[in-house]
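Undergrad: What shape does this take:
(chains A, B and C)
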Amino acid sequence: MRHTLALFALVFLFPFALGQETVLRAGLDVDAGTMDPRLARDTSAERMQDLIYNGLIRLDPQVVPQPDLALSWEFTSDTTLVVNLRSGVVFHNGQPFTAEDVVYTYTTLIDENFGSPRRSLYTPINSVEAVDDLTVQFNLAHPYAPLLQYLDKGIVPHEAASSLGADFGDNPIGTGPFSLESWEKGNRIELVANDQYHFGRPAIDRISVSVIPDNNVRLLALESGDLDFIHSPVPPQDLERLRAEGELVVEQTTALGYTYLNLNTANPILSDVRVRQALAHLSDRDTISEVIFFGMDQPGASFLLPNTFYFSDQVTTYDYDLERAEELLTAAGWVDSDGDGVRDKDGQPLQLELTTNIDPNRQQILEFLQGEWAQAGIDASVRVYEWPSYIGDVIAGNYDVGLIGWLLLTDPDRATFLQFRSDGGSNYGSYANAEVDRLLNEGRLVTDPEGRKAIYEQVAQQITGELPYIFLLYQGYVALHDQALEGYVLHPLGSWRSFESVSLNR
Amino acid sequence: MASVKFWRSLLRHAGAVVGGAIVIVVVAIALFAPILAPYNFDQRNIRERFQPPSREHLLGTDNFGRDTLSRIFVGARVSLQVAVLSVGMAALIGVVLGALAGYLGGLVDLIVMRVVDIFLAFPPILLALMLVAVLSPSAFSVTVALGLVYWTAYARVIRSSILAWRQEEFVEASRALGANWPRTLFRHVLPNAVGPMIVVASVGMGSAVTAEAALSFLGLGVQPPTPSWGSILNTGLQFLRQAPYLSTFPGAAIMITVLGFNLLGDGLRDALDPRGTT
Amino acid sequence: MLQYALRRLLLFVPVVFGVLCIVFFTVRLVPGDPATVLLGPEGTDEDRARITRLLGLDRPLPVQFGIYLWNALQGDFGRSIFLGSSVRSLVLDRLPATLELALLAMFLTVVIALPLGMIAAVRSNTLIDYGATLLALLGVSMPLFWFGVLAILVFSLRLEWLPSFGRDPGLFPAVGALFSGGSLADVWQALRHAFLPSLTLAFGAIALVARLVRSSMLEVLNLDYVRTARSKGLAERLVVNKHAFRNALLPVITVVGLQFGTLMGGAVITETIFAWPGLGRLVVNAISQRDFPVIQGSVVFIAVAVSVVNLLVDLSYAVINPKIRYG
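TA: Numbering: from 1, shown residues only, chains lettered A, B, ... in the order given. A predicted model of the protein is given here:
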């Protein structure tokens, strides 16, 4: 019997085992919107960028720029950055990589007609020019400290991208460790190892990415052995069990993002800073982190993120304090004069609407806050609706208290410049503070890191004192994978770049 | 309609009796939910969350430590309210349009029946999904959307019973006598159509309960903290692995209720059917 | 008969137009627009205005509708705002997956519901009947998404019998490949992937059809000629199989055909759970992104497909039963 089995294995399994390529099967929650890095707007598009392209720099897990296609760089003046490029790099289509490709990538990125959703990050760039085949020069309108952090955009080949036009997003060509083999939209992406990869051909032959919208089903697929790798968003409530079972590797770090309550300061109730402070005291971050996120997302204090150079705890924090909140509300003139359990002022009840987009965890946060706020006599209603309607309302200033998050905050500028300046494009709640405006402009001009750090610490102190945002959580990033996957490096941006050097030892 | 024969045949129908009993119990729970519920449906106790069923909490507690039994009781109220109102709305639209079509005939009939065709061409859940998105998710939106989706069946029933009735001679007589048509509608047509309509409504109640749950799954359901069966089930499914009882009980509540309405509908159909095949 | 068919076809035009109208104006009434989604929270007002203009969404609605209609009449349903591809190719790419699921679901419906209903009818008002009826009714009572998730949990995770998600390689392509040297293993693989989603999809229909089979069998069994056959001493099995079953089948075929619309609706949820790349998921995604051309194109396509199937069912019914009067 045993012999028969062995024979069977030899005859039937062995040839397969020999000839089979190594495939990493990964799961994503949504499909990439495009494979053109310049147009990337969702996290899945960023992941494809990690695999298909190289940027001038790449951000290491400490979010520090490291050479990628750039060999070195130097600010020759406050407004001039010269970058020396790596030689001998070729695109997937065999074309050599040159300075022209960098010029083309960044010129289109700042072209308003090109329509990059991240254009606002690059607008201080006046022009990009090729000094020679392997040297480019960025000319800036004014000193722009965060620039280097943003130079991780994938470089596209000039000729192919310009001739393909809008179709380039479906037919990406980069210099990265993998190239696109096929893309069944909304369903599956097949990537194959790039034999010519400058930093050495990847050990795995293929990455097969499946799009599975339901968080529970995606995890079930991993646990059933139909996938090898999934990452955030994952259901936080399952992490404890997965760790205990020990069949999968559970890796967790803080992500470069925060979740916060956006308080609309144009709302007459919320225009009073005492009311905002009361709400902060009523929003128990520790409980939200523990009860809803099972510790995956940590209690937040400001936009200065832990595990980054700019982190600081010298900010005002608001511990859960019902009494203090009630004092503040009373001081602001909100008292329950008619004894109906809801505070009122000048005949107006203290009513606020808490809104967010459809997401099980966010919905739970609002449900939790609603109950907490009610204890202090606030009549809060909850509305959870679709992202396009919700974000449309928020952008239009048509909300009271919105629960949102900011992601990919590779520089403190990214978390503040659009958000807190009085004329910032993403200052939905009409927050205005001349000192913050001044500091944020200065933060872009000062290039000395320690000096910058001091500036953003001041901004954080202002913001946490005046509370246009109530910072609830530092977002966590979780990767779950099969034991057989070795060499994967957890990255706070959720980068998949390390797939270039992983192996699968089944 | 409420003849002795009807009741006798209904009460002899095992399915109808079981279904009717289920429906009565569920309706009673919905009506008296606040009295029957052992706890306030939104009373939280984080320290006692994810409790399996026990003597204090017969069906366990949820992710905020709320009593599942109480939430299911109050959820019965919300889910049934959505179902009753949407079925009522569907019936109203259906009766009005169906009566117009059947009675006026000709162009009106043609137009109304094309509108019916148009609505029938949409998969129900898809149309409901779009309508709820337009109205922004709430119990009200779900009700209106389901009402707009399910009216066609009533229109067809009314129209065909008018057509059938019209062919009978005495209508011509009553028309000749100059009776105004709304009166004939209420006097003669509706009483005859009530039977089939009740059957459609009974099954429709079941569909509405499951449709509400489906919309909750797609994120477009009743808003918290108000619990509906759909939202309790959907939240419970998030915790399927660590607390299966959180989804089992609301799921069972939906199943039993829909089963009740269907059994009752079957029984009514058989009791109303003169051929009485069972 | 031909005249009837022609008339029905003619009436089809206003129905399609009506569907188009409803979809077009409903999606534009939904708050939130594609430019906002495209540019995300960091977009500026100017960028949003530019994109809106670029997409032609700044024009008055009737003008937009007119342009859309004009292009649609020429077979151009526009391009997806988010996916770039033409709506026509998107819909045609996704169609086989959904069709495959719907056909398998119909197959499962017939295979499961027929015996269930027949047993219930033949053993009417016995425990077997009640059991079968209850089983059938439970199907229609269980929320699809709950069943789907439980099915994955049991059959994929615990028992490890079936894959948990996706379409791989797809039944149609696998069967097609058989003619050009494909292997049966691929067909088997495709069936394994399709089994849970199509069962989930079929669950409701099974209940409905089983009940219908039961009642229509009962009706036929009580008919005169069946009674006569019985009284002539024909074996019960022969009566059931030869006379009753065949006649009871007609209405069943009709209803199975009419289930197509319901199945397309169920696909919206089933495809989301099982990550099945069909039309249902395409529509749900398009709605959640406000991808107007895709919503319009795919919903109209689904609606037309459902109407066509309904029409075919009507016509075939008329053919089978000449006594029917064409209303």
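Undergrad: Roughly how far does the residue nearest to A:E500 when sequence neighbours are not counted sit from C:R94?
TA: Leaving out its chain neighbours, the residue that sits closest to A:E500 by C-beta to C-beta, 6 or more residues apart in numbering or on different chains is A:P177, at 3.6 Å. For every residue, glycine as well, the C-beta is placed using N, CA and C. Relative to C:R94, A:P177 is positioned 31 Å away (C-beta to C-beta, to the nearest Å).
Undergrad: Repeat that for A:N216.
TA: Using C-beta to C-beta, A:N216 is found at 24 Å from C:R94.
Undergrad: Also C:Q296?
TA: Relative to C:R94, and taking C-beta to C-beta, C:Q296 is found at 15 Å.
Undergrad: I'd like the distance between the residue of the stretch 251-400 of chain A found nearest chain B and B:A214.
TA: Scanning the stretch 251-400 of chain A for the residue nearest chain B gives A:I358, at 3.5 Å (criterion: C-beta to the nearest C-beta). Distance, A:I358 to B:A214, using C-beta to C-beta: 14 Å.
Undergrad: So between those two, which is more surrounded?
TA: B:A214 (24 against 16; other C-beta atoms under 10 Å in any protein chain shown).
Undergrad: Give the buried residues for the helix or strand the more buried one falls within.
TA: If you go by DSSP states H and E, B:A214 is part of helix B:190-217. The neighbour-count check on helix B:190-217 (16 or more other C-beta atoms under 10 Å in any protein chain shown) flags B:190, B:193-217 as buried.
Undergrad: Can you tell me, leaving aside adjacent residues, what's nearest to whatever residue of the stretch 151-300 of chain C ends up closest to chain A?
TA: Residue nearest to chain A within the stretch 151-300 of chain C: C:P277 (3.5 Å; C-beta to the nearest C-beta). In space, and not counting its chain neighbours, C:P277 is closest to A:N187: 3.5 Å by C-beta to C-beta, 6+ apart.
Undergrad: Does the one you found touch A:I212 like I think?
TA: No - counting by C-beta atoms under 8 Å, A:N187 sits too far from A:I212 to count as a contact (9.5 Å).
Undergrad: so what's in contact with the two at the same time?
TA: C:G166, C:A275 (C-beta atoms under 8 Å, 6 or more residues apart in numbering or on different chains).
Undergrad: I'd like to know which residues of the stretch 51-200 of chain B are adjacent to chain C.
TA: Where the stretch 51-200 of chain B comes near chain C, counting by C-beta under 8 Å from any C-beta of the partner chain, the residues are B:114-115, B:117-118, B:120-126, B:129-131, B:133-134, B:136.
Undergrad: Those residues also near chain A: which ones?
TA: B:A133, B:S136.
Undergrad: What about the residues of the stretch 51-200 of chain B next to chain C, which are in helices?
TA: By the criterion of DSSP state H, membership of these in helices covers B:114-115, B:117-118, B:120-121, B:124-126, B:129-131, B:133-134.
Undergrad: from these, which two are the most distant?
TA: B:R114 and B:A133 (25.3 Å; C-beta to C-beta).
Undergrad: Looking at these two, which is more packed in?
TA: When B:R114 and B:A133 are compared for neighbours, B:A133 comes out ahead with 26 against 17, by other C-beta under 10 Å.
Undergrad: Spell out which parts of the stretch 51-200 of chain B neighbour chain A.
TA: Counting by C-beta under 8 Å from any C-beta, the stretch 51-200 of chain B sits next to chain A at B:N63, B:F64, B:A133, B:S136, B:P137, B:S138.
Undergrad: Can you tell me the closest non-neighbouring residue to the fifth one?
TA: Right, B:P137. Once flanking residues are discounted, B:P137 sits nearest to B:L220: 4.6 Å by C-beta to C-beta, 6+ apart.
Undergrad: Within range of chain B, give me the residues from the stretch 1-150 of chain C.
TA: Checking the stretch 1-150 of chain C against chain B by C-beta under 8 Å from any C-beta, the hits are C:11, C:14-15, C:18-19, C:22-23, C:26-27, C:29-31, C:124-125, C:130, C:133-134, C:137-138, C:140-146, C:149.
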